[in-house]
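[1] no sequence for this one, just the structure:
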């Protein structure tokens, strides 16, 4: 069924997958939807989150007429992916922390996971580590304040380097840690800032390329791009409008939730 590729996140973090998606699907129409009224997701209760994610994604799928939904949010994916797939008529692609490629890349067998508190503690994350990094030491760091810093960056403001340094500091205590998983789609937007906060060179790994590759396999007949792509939000926000405009999206339309 023709339609745009719809990317969903709580805020602007999902914009980190737009460039890889456009490289693999250069002619495809995209749509972007975010639940900015309730961001950030990482600190909210699980039961509430599942119902909220279902409601926002259902509204966004209906508004966009998409051919596939990309859940570009680790928290939403590790919590609500099965529920979305059972509820929606379109294919749903999720995002998981890049534990497998990080383990393959690490030479010291000590990797870091930088994510929201929800993703760090999720049983799904435990299984990823068990399945793909069982021989690695994994230092998990909940870095919820970085979500706001990524939002500031795309709104045209300067991220607070002190907050970034404090949030990432627990990673740097062990000198053998050589790879860091950016386990929230907001965090790749801060890659230069995170690298600058590190006391030594480390490799930063995220899921954006894997998401784009999987989407290109699933979205076999997306609508062609024509002018600005559409975007949607749950609350008006001039800073959000500026952020999505930088990625080729029109000013967000407001989603109506049941």
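    Ah, there it is. Quick caveat, the model's predicted, so the values are computed rather than measured. Numbers count the residues shown, from 1 in each chain.

[2] show me where the stretch 51-200 of the chain has helices.
    74-87, 99-105, 117-121, 123-132, 145-154, 161-168, 191-197 (DSSP state H, counting those that start in this stretch).

[3] and residue 129, how many neighbours?
    Neighbourhood size, residue 129 [other CB atoms under 10 Å]: 18. All C-beta atoms are positioned from the backbone trio N, CA, C, and that covers glycine.

[4] which residues touch it?
    99, 136, 138 (CB atoms under 8 Å, 6 or more residues apart in numbering).

[5] please tell me how far it sits from residue 149.
    Separation of residue 129 from residue 149 (CB to CB, to the nearest Å): 26 Å.

[6] again, but for residue 42
    Residue 42 is 13 Å from residue 149, where distance means CB to CB.

[7] follow-up on the earlier one: for the helices of the stretch 51-200 of the chain, which has the smallest mean pLDDT value?
    When the helices of the stretch 51-200 of the chain are compared by mean pLDDT, helix 117-121 comes last with a mean of 87.

[8] packing partners of that helix?
    Judged by 3 or more CB pairs under 8 Å, 6 or more residues apart in numbering; DSSP states H and E, the packing partners of helix 117-121 are helix 74-87, strand 137-142.

[9] now the residue of the chain most remote from its centre. Nearest residue, chain neighbours left out?
    Going by CA atoms, centre = their mean, the residue of the chain most distant from its centre is residue 175, 28.1 Å out. Sequence neighbours aside, residue 200 is the residue nearest to residue 175 in space, at 7.5 Å (criterion: CB to CB, 6 or more residues apart in numbering).

[10] so what's the residue count around the one you found?
    For residue 200, the neighbour count with other CB under 10 Å is 8.

[11] can you check residue 86 too?
    Around residue 86 there are 9 residues (other CB under 10 Å).

[12] quick one: contacts for it?
    So residue 86 contacts nothing (CB under 8 Å, 6+ apart).

[13] tell me the spacing between it and residue 111.
    For residue 86, the distance to residue 111 equals 33 Å [CB to CB].

[14] give the buried residues for the helix or strand of the chain with the lowest mean pLDDT.
    The helix or strand of the chain with the poorest confidence is helix 117-121; it has a mean of 87 (mean pLDDT, DSSP states H and E). By 16 or more other CB atoms under 10 Å, the buried positions in helix 117-121 come out as 117, 118, 119, 120.

[15] same thing with stretch 87-102?
    So, applying 16+ other CB under 10 Å, buried residues of stretch 87-102: 88, 90-102.

[16] what's the lowest-pLDDT member of those?
    Lowest pLDDT within these is found at residue 96 (88).

[17] residues touching it, list them.
    Residue 96 sits in contact with 74, 77, 78, 124, 128, 207, where contact means CB under 8 Å, 6+ apart.

[18] please name the residues that touch the closest residue to residue 122 other than its chain neighbours.
    Using CB to CB, 6+ apart and skipping the chain neighbours, the partner closest in space to residue 122 is residue 78 (4.6 Å). Residue 78 is in contact with 96, 118, 119, 122, 124, 125, counting by CB under 8 Å, 6+ apart.
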